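>>> I'll drop the sequence and a predicted model, then ask my questions.
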Amino acid sequence: MIPLVHDFTDARVLVFGGGPVGARKARRFAREADVIVLSPAFADRDFGDASLVRVAPDSEEVTEWIDRLEPALVVAATDDEAINDAVETAAREQHCLVNRADRSGSRDPGSVVVPATVRDDPVVVSISTGGQAPALSKHLRRELEDTLEGAGAMASVCSELRAELAERGVDPERRRAILADVASSPDHWTALRIATPKTSQVIEDVLGDQFATGGDGA
Ligand SMILES: C[C@@]1(CC(=O)O)c2cc3[nH]c(cc4nc(cc5[nH]c(cc(n2)[C@H]1CCC(=O)O)[C@@](C)(CC(=O)O)[C@@H]5CCC(=O)O)C(CC(=O)O)=C4CCC(=O)O)c(CCC(=O)O)c3CC(=O)O
Ligand SMILES: NC(=O)C1=CN([C@@H]2O[C@H](COP(=O)(O)OP(=O)(O)OC[C@H]3O[C@@H](n4cnc5c(N)ncnc54)[C@H](O)[C@@H]3O)[C@@H](O)[C@H]2O)C=CC1
């Protein structure tokens with residue numbers, strides 16, 4: 001399986017099943033997509049900004065919903081295997097992505113799994129076991145949370161610096177070396193973790209070091 005980062009802005013995601021798993025998937029996609037959850041009952045959970053529709057579609061109605069709503073991604077998260085099968089078949093016929101929450105192990109070609117995710121915008125790190133061991137994905141996600149603290153602020157620093165260095169005409173080779181140093185500097189990580197957002201201070205420090213003599217610092 002190959003990881004990709006997909007922009008779901010203005011896309012529709014259709015979730016079948018309003019249990020805890022349907023709620024978790026709905027919450028995740030509702031950060032960005034227009035999410036609709038279809039289910040005869042809804043768990044007492046947070047569904048994010050998703051729209052909830054109380055219906056109990058049979059296999060034929062599942063196809064009708066998918067044909068009508070033309071989602072980019074369909075999630076099969078009911079506790080009824082026959083319905084999840086129907087969801088998968090209809091999604092494939094409509095050429096939309098399909099995530100089966102009730103399957104692990106080897107996947108059917110074209111299917112997607114939802115990874116465990118650590119997010120410190122704009123940085124996002126996702127962990128998948130290729131659908132084999134979700135409990136391990138969850139454990140590794142927790143381990144990575146501490147490591148990634150401050151990564152969002154570091155991304156802002158590197159992004160602003162690379163624009164500033166390009167503006168000042170610094171050659172690509174030196175730009176690469178400066179950015180590699182900044183991204184791996186324990187001092188900068190500490191500064192960004194202690195008091196985010198300290199981004200402007202870090203940028204000033206780097207530019208001060210590089211251009212201290214008024215020359216190009218080479
Ligand atoms: C294949 C996949 C399909 C998909 O959903 O995309 C799938 C399938 C199944 N999960 C099951 C069980 C559990 N899932 C979790 C947790 C998570 N599951 C997630 C993803 C995935 N789960 C995809 C693979 C991802 C990968 O590649 O690693 C995470 C990462 C993301 C998310 O869902 O948001 C989220 C952690 C989020 C976080 O905390 O960071 C826990 C842990 C817990 O709940 O504490 C358990 C109990 C322990 C266990 O069983 O391992 C079962 C059995 C159900 C049953 O027995 O009835 C199936 C189906 C089956 O096995 O047949
Ligand atoms: N991928 C994952 O992370 C995990 C997946 N699972 C799997 O996902 C399935 C769902 O898990 P839970 O939410 O815990 O189950 P659940 O049994 O609490 O919820 C299932 C939901 O599906 C709804 N439903 C039933 N028939 C439907 C229909 N025809 N159309 C739409 N909705 C319908 C039910 O009303 C209920 O709200 C489980 O059966 C299990 O196989 C379970 C745990 C984790």
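Looks like it came in fine. Ligands and ions are numbered 1, 2, ... in the order given.

>>> tell me which residues in stretch 87-106 are buried?
The neighbour-count check on stretch 87-106 (16 or more other C-beta atoms under 10 Å) flags 87-88, 90-92, 96-101, 103 as buried. (Each C-beta comes from the backbone N, C-alpha and C, glycine too.)

>>> same question for that stretch, mean pLDDT?
For stretch 87-106, mean pLDDT rounds to 91.

>>> One more: stretch 118-134?
94.

>>> Do that stretch and ligand 2 come into contact?
Yes. On the criterion C-beta under 6 Å from any ligand atom, stretch 118-134 is in touch with ligand 2 at residue 134.

>>> Now the terminal residues of that stretch, how far apart.
15 Å (C-alpha to C-alpha, to the nearest Å).

>>> Residues in contact with that stretch: which ones?
1, 3, 5, 103-107, 113, 115-117, 136-137, 140-141, 144-145, 148-155 (C-beta atoms under 8 Å, 6 or more residues apart in numbering).

>>> out of those, who's near ligand 1?
Counting by C-beta under 6 Å from any ligand atom, the members of the contacts of stretch 118-134 near ligand 1 are 103-104, 113, 115-116, 137, 141.

>>> CSV for these, including secondary structure and distance to residue 168?
As requested, these are exported to CSV (DSSP: H, G, I helix; E, B strand; the rest coil; distance: C-beta to C-beta, whole Å):
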residue, secondary structure, distance to residue 168
103, coil, 53
104, coil, 52
113, coil, 44
115, coil, 39
116, strand, 40
137, helix, 43
141, helix, 39
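
>>> In ChimeraX, how would I select just the buried ones from those residues?
To isolate the buried ones among these in ChimeraX, judged by 16+ other C-beta under 10 Å, type:
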select :103,113,115,116,137,141
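
>>> Serialize the ones next to ligand 1 among the contacts of stretch 118-134 to JSON lines and add fields for distance to residue 41.
Shown next, in JSON lines, are these (distance: C-beta to C-beta, whole Å):
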{"residue": "103", "distance to residue 41": "22"}
{"residue": "104", "distance to residue 41": "25"}
{"residue": "113", "distance to residue 41": "25"}
{"residue": "115", "distance to residue 41": "28"}
{"residue": "116", "distance to residue 41": "27"}
{"residue": "137", "distance to residue 41": "28"}
{"residue": "141", "distance to residue 41": "29"}
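
>>> quick one: which of the buried residues of stretch 87-106 sit in helices?
For the buried residues of stretch 87-106, the ones inside helices are 87-88, 90-92, with DSSP state H as the criterion.

>>> for these, which one is nearest ligand 2?
residue 87 (8.3 Å; C-beta to the nearest ligand atom).

>>> Can you classify residue 114 as helix, strand or coil?
coil (DSSP: H, G, I helix; E, B strand; the rest coil).

>>> Regarding residue 140, what is its secondary structure?
Going by three-state DSSP: residue 140 is helix.

>>> what's near enough to touch it?
116, 127.

>>> Mind pulling up the pLDDT for the nearest residue to residue 46 once chain neighbours are set aside?
Spatially, and ignoring its direct neighbours in sequence, residue 46 is nearest to residue 27 (5.9 Å; C-beta to C-beta, 6 or more residues apart in numbering). In the predicted model, residue 27 carries a pLDDT score of 97.
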